[in-house]
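Participant: Build me a model from this:
(one chain, ligands or ions: 1)
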Amino acid sequence: MSTSFGEWQLDDPTDDPQDDSFKLPSDHNPSSPSDSDSASTSSYGYRSPSIRKTMRETYCDIRHEFDVWHVNKSVKKKLVNAANKKENQDLQTWLKSISNHLYWSCSSSHGDGEECVRRWKSLLHHIVGIHRWEEDGEQHTCHHAPLTDDEQRRKRWMKVDSPAYKSLKSIVLDKNLLRDLKQMALFKHTGPLEVFHSSMLKYTQKRLHFSYDAMLARTQLAVMDHNANIGKEQAKTKEGQPRFACAYSKASRQWTARPVYERGEQPFRKNMMEDTLRMRDESSIEDWPPSSPSQEETSEEHCSCPPA
Ligand SMILES: [Zn+2]
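Facilitator: Numbering: from 1, shown residues only. Coordinates of the predicted model:
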C-alpha cells in the first residue's frame, strides 16, 4: 500500500517488479520491547479461550494483549490458501502488503483497539483504489500521501465484484480476527522471549541429559548471556549506514531485508573466570556440591529411639 508509516514502508504491487520491495526502519530491533511501561502489566501471545477467561476473571487488572506475529501468521496462512485458488490469483501480489498493513494497523493505533480495527478494515477500500470513503456517517481517508494520477493508474487494484476480493473480504472481516485486533493495539510481540528460548537451547541442548546442578548452572548462564546481549544495536557499515541482509523466502517468493545486529558478547565469562581463579586461592571456599551427610549420620539424626 503505497504507504509510508512509522514502522514499515512498502509499495503496492504495480507493473514494475522493482516496486514490490519493502524495508524495515533502521531503529527496528526485535530484542527491544516496544513499550516497556505497558509490558509490565500486559500478557501476550495466547488466544486460547481458557487463558482469555483466566485473564478476564482472575487478572482483570492486567491488560491482555496478543502477539502480532502469531496472529499475522494465521491470517497469512488463510490468505495464502485463498490466493492459491485459481479464481483468486489477483490476491497473490497483495499478500505481502496485506501482512504489512496488519503490522501497521497495530503499531500505529497507540493502544486504541477500535482504531486498530478501523485501520485494518481500511484496506478493503484502498485495495480497490478508493482512498476516501464514508463509514457510519463519518468521512475516512487512507493515511498514505495522496497518489499521483500516474500511481493511481499503474497500481493493480482489485475489483470489488471479483472472487479474489470477496475471499479477501471474508478473511479481513472475520469476527474472531476483529475481536482479537482490539487486543493488539499495543503492538506487543514475544520476540525477546523467543530470543531467550533460543539462547537457552545453546546452553541446555534438548538431546542431552543434565543433572539438576548442571541444569541450574546452565540456565543461569543462559540468563546472563541473554541479559548481556539484549537490546543490541543494529550493525553499521563503514560509512555509518545501518546494515541489512537480504533473504529470499521460497514460500512467498519474495526478497526481504532483515536488519543485521552487532555480534553478541559474553563479558560475564571473563569475570567468572577471574572470580574462579581468585576463589581457588582463598581458603574459605566450601566444597561443591556440598558433601551429603553419611548414611550413619543420617540415621542417627532421624532416630528418636534411645540407645539400647
Ligand atoms: Zn489508499
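Participant: Tell me how many other residues crowd the residue in the stretch 101-250 of the chain that the ion sits nearest to.
Facilitator: Sorted by distance to the ion under CB to the ion, the residues of the stretch 101-250 of the chain start with residue 142, at 3.0 Å. C-beta coordinates here come from the backbone N, C-alpha and C atoms, glycine included. A total of 19 residues lie near residue 142 under the criterion other CB atoms under 10 Å.
Participant: wait, doesn't residue 188 sit right on residue 66?
Facilitator: Yes. Residue 188 lies in contact with residue 66 (CB atoms under 8 Å); the separation is 7.3 Å.
Participant: from memory residue 156 sits against residue 89, does it?
Facilitator: No. Using CB under 8 Å, residue 156 is not in contact with residue 89; the gap is 11.2 Å.
Participant: who touches both of the two?
Facilitator: By CB atoms under 8 Å, 6 or more residues apart in numbering, residue 156 and residue 89 have no common neighbours.
Participant: Report how many residues lie close to residue 109.
Facilitator: A count of nearby residues for residue 109, using other CB under 10 Å, gives 22.
Participant: Stretch 144-159 and the ion in contact?
Facilitator: No. Using CB under 5 Å from the ion, stretch 144-159 stays clear of the ion, coming no nearer than 5.5 Å.
Participant: where exactly do the strands run in the stretch 1-150 of the chain?
Facilitator: 3-4, 9-10, 22-23, 42-43, 63-64, 132-135, 138-141 (DSSP state E, counting those that start in this stretch).
Participant: contact partners of the last one?
Facilitator: By CB under 8 Å, 6+ apart, the residues outside strand 138-141 that reach it are 118, 122, 125, 131-134.
Participant: before we move on, back to that, for the closest residue in space to the residue of the stretch 101-250 of the chain closest to the ion that isn't next to it in sequence, give me phi and psi.
Facilitator: Leaving aside its chain neighbours, residue 142 sits nearest to residue 131 (4.3 Å; criterion: CB to CB, 6 or more residues apart in numbering). Main-chain torsions, residue 131, degrees, to the nearest 10: phi -120, psi 0.
Participant: Counting neighbours, what do you get for residue 131?
Facilitator: By the measure other CB under 10 Å, the count of residues near residue 131 is 17.
Participant: Pull the contacting residues for it.
Facilitator: 125, 141-142, 144, 146-147.
Participant: And the furthest pair within those residues?
Facilitator: The largest separation in the contacts of residue 131, counting by CB to CB, is between 125 and 146 at 14.6 Å.
Participant: Compare these two (neighbour count), which wins?
Facilitator: residue 125 (16 against 11).
Participant: Just the pLDDT for that one.
Facilitator: Confidence at residue 125, expressed as pLDDT, is 96.
Participant: go on, residue 266?
Facilitator: Reported pLDDT for residue 266: 82.
Participant: are any of the contacts of strand 138-141 buried, and which?
Facilitator: 118, 122, 125, 131 (16 or more other CB atoms under 10 Å).
Participant: can you narrow the residues you listed to ones near the ion?
Facilitator: The residues of the buried ones among the contacts of strand 138-141 that also fall near the ion, by CB under 5 Å from the ion, are residue 131.
Participant: Turn the buried ones among the contacts of strand 138-141 into JSON lines, columns for distance to residue 110.
Facilitator: Listed next are those as JSON lines, based on distance: CB to CB, whole Å:
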{"residue": "118", "distance to residue 110": "13"}
{"residue": "122", "distance to residue 110": "16"}
{"residue": "125", "distance to residue 110": "22"}
{"residue": "131", "distance to residue 110": "22"}
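Participant: Just the strands from the stretch 151-300 of the chain, written as ranges.
Facilitator: Under DSSP E, counting those that start in this stretch, the stretch 151-300 of the chain gives strands at 244-249, 254-259.
Participant: Could I get the average pLDDT for the first one?
Facilitator: Taken as a whole, strand 244-249 has a mean pLDDT of 88.
Participant: and residue 112, what does it touch?
Facilitator: Counting by CB under 8 Å, 6+ apart, residue 112 has contacts residue 185.
Participant: What residues does this protein have near the ion?
Facilitator: Counting by CB under 5 Å from the ion, the chain sits next to the ion at 126, 131, 142.
Participant: that older thread, show only the entries of the contacts of residue 131 found in helices.
Facilitator: residue 125 (DSSP state H).
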